[in-house]
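Asker: okay, predicted coordinates and the sequence, questions at the end:
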Amino acid sequence: MDRREAIQQIAILLGGTVVGAELLASCTSTVKDATTLVGSEYIPMLNEIGDTILPPTDTPGAKAADIGSFMLLMIQDCYNPANQEAFYEGIRKVDEASNLKYNKGFMELEATQREELLIELDKEQEEYMRKKKRDEPAHYFRMMKELTLLGYFTSEVGATKALRYVPIPGRYEGEIPYKKGDRAWA
Amino acid sequence: MAENVYDAIVVGSGISGGWAAKELTEKGLKTLLLERGRNVEHVKDYTDAGKAPWEFPHRGRTTHQMREEYPGLVWHYGNVEQGIDFWVKEKESPYVKVAPFDWIRGYHVGGRSLTWGRQSYRLSDLDFEANAKDGIAVDWPIRYKDLAPWYDHVERFIGVSGSVEGIPQLPDGQFLPPMEMNCVEKDVAASIRKHYGGKRHMIIGRTANITKPLPGRAGCQYQNSCKLGCFYGGYFSTQSSTLPAAVKTGNLTLRPWSIVTQVLYDKDSKRATGVEVLDAETNKTYVYKAKIIFLNASTLNTAWILMNSATDIWPDGLGSSSGELGHNIMDHHFRCGASGNVEGYEDKYYYGRRPNGIYIPRYRNLNGEKRNYIRGFGYQGGAGRSGWGRHIAELRLGGAFKDALTEPGGWTMGISAWGEILPYHENRVYLDKDTKDKWGLPVLAMDATLRENEKNMRIDMMEDAKEMLEVAGVKNVSTYDGNYVFGGSIHEMGTARMGRDPRTSVLNEYNQVWDAMNVFVTDGACMTSSACQNPSLTYMALTARAVDHAVSELKKQNL
């Protein structure tokens, strides 16, 4: 249900009409013009990095949530200059690490190689983040991983397919049975 | 009736101003409700409500621009993309921080009634008698019995859900059915009750979300997105509740974009005659006249208006003859508590996004206990299962990692304290005549800080949280003190306190300015002490009581 439908439904519920409901349809959320983002040429590679962190299983992977554009939008709009620099440089460093290990760029790797490589980078970021001083930038792979999680699980595909999104729960129950495998609420 | 003459003028359309307008119009007074900001129409203007998480480009996170425009809001409340238009841009509405202070405001019809936390608690005689017993500041001129019927009146109208508990320091009210605690909270509550021999209570929060429909309002839908405005009128706001009631009388005129620059005062009759309004759209000045004036501009703006009024008679403004106008500013100090993990409920979950948590009413310095501070604090908190942001040690990335994150994680439980701040004369706001806003009006300077009593209290606020959680079997409990900045809990109180003596207080027992008896102040400015409960319900009750008095005095021709 979109915003317009929601408002109309409420109008019915409250026994009236909501003037201007048709004007309320929300804007869309996807990045409007990804080509204007700093680093937009790396969107395909960031999509593959995201899809390695959260690959398709019985639910779609991070690429399906347009994760590359999301990462770049967030880095550009929300991260401080030191972190921005670390992130943009990090894209190059992923390729560097790939060349060192496999003699191939990241995009040329098999899925299992990508996973192996990023697991190494994840160990590296964990170590770096533990030791880093307060005002030093975050590790680029930490940012990639965090943004992949955020971007995926709050996306339409992530929230509605990987998680359970109930726009209007209508009630609260403080105890319901849970069995392993049931998806979390978005 | 001439165009600019009304029976009553209400300045400010937030929680208390909306109440003043409703009560005045329902008693038959032609009332002008002035609001300094834009209009926000119920439902239609809730532009962020009803959106899914993915409809926010930054998924709720804070951008550089927001950090620049709303530094105080961002520092205290973090992710602010959702509902950002209901907050004031600090640069556009400046103030001077003599000491660190965050003034977080909403300049639009409804004010902060749209974004408030909705927790609704009564004060008790423990609070009303405290100043007198402690020899602090001045005595409240009222007691619980004076306000109790007005709490009843307000709760019945706005709808407060809660449980009847019989706790003397947190009087019961006219409640709608309580929301449910979840299974972990129930067990933690039982452990606390048992361990402390019934002397400490953990109850479900009392919140102005309606668990049953009220006229014109559907019940709460458990979306927990109240701060965006609610299509269903699921929580109390001016728009969902008091404004429609006032409009229905036919006696209300609402005027947005109206900055009240001063109360006009007639020194011969010792009465206010009206207000001067600066139209924020046209920059023109207007005069509106009325027999009675309610100032509900929010604590600090109410103080500002008084300071700018009748300065030809009192250089420091209307109500300054006591020397207390602008002084004794309070807030609740917070960002202090503990949290940890709860084991053994892996086969249980909950349904719905409850816009409410648990509450632990004050238990310190009761029944003869004497800590190294006076007064006390209450806790808010709750339990839930952790989400996709949690750390999974054994899995770094990949399919198994992703599938693990699609399931809920373990349970956590946390509580966070809100503590009383004493009314110190030295904590004050005043006009900084050298600093002007874009209208050329002088701005407020804030000079307030926590002192010994609050600092000592914070240690208990943190350590008690840990102890209670551990008593309840919560594991890996960690404490935090998140460094409070004055104003941050958005509970500004004081600056025009009620009292029994015009020499030491600004207002009398009915919230009338001693120096102009037809001017009433019933927002947070009137508070004589802060207690530790969320204060808005008390402002509403004081407002309804003051209107009742004002109208009866008007009928007796005393005003």
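Answerer: Structure's in. What do you need?

Asker: show me what contacts the spatially closest residue to residue B:490 that is not a sequence neighbour?
Answerer: Take residue B:490 and drop its neighbours on the chain: the residue closest to it by Cβ to Cβ, 6 or more residues apart in numbering or on different chains is residue B:104, 5.0 Å away. All C-beta atoms are positioned from the backbone trio N, CA, C, and that covers glycine. Residues counted as contacts of residue B:104 (Cβ atoms under 8 Å, 6 or more residues apart in numbering or on different chains) are B:72-73, B:76-77, B:87-88, B:487-488, B:490.

Asker: cool, and residue B:465?
Answerer: Residues counted as contacts of residue B:465 (Cβ under 8 Å, 6+ apart) are B:336-338, B:379, B:415-417, B:479.

Asker: give me the buried subset of those.
Answerer: Neighbour-count burial (16 or more other Cβ atoms under 10 Å in any protein chain shown) applied to these gives B:336-338, B:379, B:415-417, B:479.

Asker: if we can go back for a sec, which of the contacts of residue B:465 sit farthest apart?
Answerer: Greatest spatial distance in the contacts of residue B:465: B:379 and B:479, 12.7 Å, computed using Cβ to Cβ.

Asker: which residues are in contact with each of these two?
Answerer: B:337, B:465.

Asker: state the number of residues packed around residue B:191.
Answerer: One way to gauge burial is a neighbour count; for residue B:191, by other Cβ atoms under 10 Å in any protein chain shown, it gives 18.

Asker: per-residue confidence for it?
Answerer: With respect to pLDDT, residue B:191 scores 98.

Asker: equivalent analysis for the one 10 residues further on, please.
Answerer: Residue B:201 carries a pLDDT score of 98 in this model.

Asker: might you report the residue contacts of it?
Answerer: Counted by Cβ under 8 Å, 6+ apart, residue B:201 has contacts B:165, B:167, B:189, B:192-193, B:360-361, B:363.

Asker: identify each buried residue in stretch B:313-320, please.
Answerer: By 16+ other Cβ under 10 Å, the buried positions in stretch B:313-320 come out as B:314, B:316-320.

Asker: and these, which is closest to residue A:87?
Answerer: residue B:317 (52.8 Å).

Asker: excluding covalently adjacent residues, which one is nearest to residue 101?
Answerer: Here I'm looking at chain A. Spatially, and ignoring its direct neighbours in sequence, residue A:101 is nearest to residue A:117 (6.1 Å; Cβ to Cβ, 6+ apart).

Asker: nope, chain B please
Answerer: Closest residue to residue B:101 apart from its sequence neighbours, by Cβ to Cβ, 6+ apart: residue B:446 at 3.8 Å.

Asker: how about the one you found, secondary structure?
Answerer: strand (DSSP: H, G, I helix; E, B strand; the rest coil).

Asker: surely it and residue B:485 touch.
Answerer: No. Using Cβ atoms under 8 Å, residue B:446 makes no contact with residue B:485, being 10.6 Å away.

Asker: low-confidence stretches in chain A?
Answerer: For chain A, applying pLDDT under 70 flags the ranges A:1-32.

Asker: sorry, wrong one. I was asking about chain B.
Answerer: For chain B (pLDDT under 70), the answer is B:1-2.

Asker: and the residue of the stretch 201-350 of chain B that's closest to chain A?
Answerer: The nearest approach of the stretch 201-350 of chain B to chain A comes at residue B:349, 3.9 Å away (Cβ to the nearest Cβ).

Asker: count of neighbours near that residue?
Answerer: Residue B:349, neighbours per other Cβ under 10 Å, totals 22.

Asker: in terms of helices and strands, where is it?
Answerer: Using DSSP states H and E, residue B:349 sits in strand B:348-351.

Asker: next one: residue B:337
Answerer: strand B:336-342.

Asker: can you give the distance of that strand from its chain's centre?
Answerer: Averaging C-alpha positions (Cα atoms, centre = their mean, to the nearest Å) puts strand B:336-342 25 Å from its chain's average.

Asker: just the CA coordinates for that strand, please, in CSV.
Answerer: Provided in CSV are the C-alpha atoms of strand B:336-342 (Å, rounded to 0.1, in the frame of the first residue of the first chain):
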residue,chain,number,x,y,z
CYS,B,336,22.2,7.9,31.7
GLY,B,337,21.4,4.3,32.2
ALA,B,338,22.3,0.7,31.4
SER,B,339,21.5,-2.2,29.1
GLY,B,340,22.3,-5.9,28.6
ASN,B,341,21.4,-9.2,27.1
VAL,B,342,18.5,-11.4,28.2
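
Asker: neighbouring contacts of it?
Answerer: Under Cβ under 8 Å, 6+ apart, the answer for strand B:336-342 is B:184, B:188, B:379, B:381, B:383, B:410-417, B:419, B:458, B:461-462, B:465-466, B:469-470, B:473-482, B:484.

Asker: centre of the chain to stretch A:89-104, how far?
Answerer: The answer for stretch A:89-104 is 22 Å, by Cα atoms, centre = their mean.

Asker: typo on my end, stretch B:406-419
Answerer: Chain-centre distance of stretch B:406-419: 24 Å, with Cα atoms, centre = their mean.

Asker: so, in contact with chain A or not, it?
Answerer: Yes. Using Cβ under 8 Å from any Cβ of the partner chain, stretch B:406-419 reaches chain A at B:406-409.

Asker: end-to-end on stretch A:159-172?
Answerer: By Cα to Cα, to the nearest Å, the extent of stretch A:159-172 from end to end equals 20 Å.

Asker: likewise stretch A:175-186?
Answerer: Start-to-end, stretch A:175-186 (Cα to Cα) is 17 Å.
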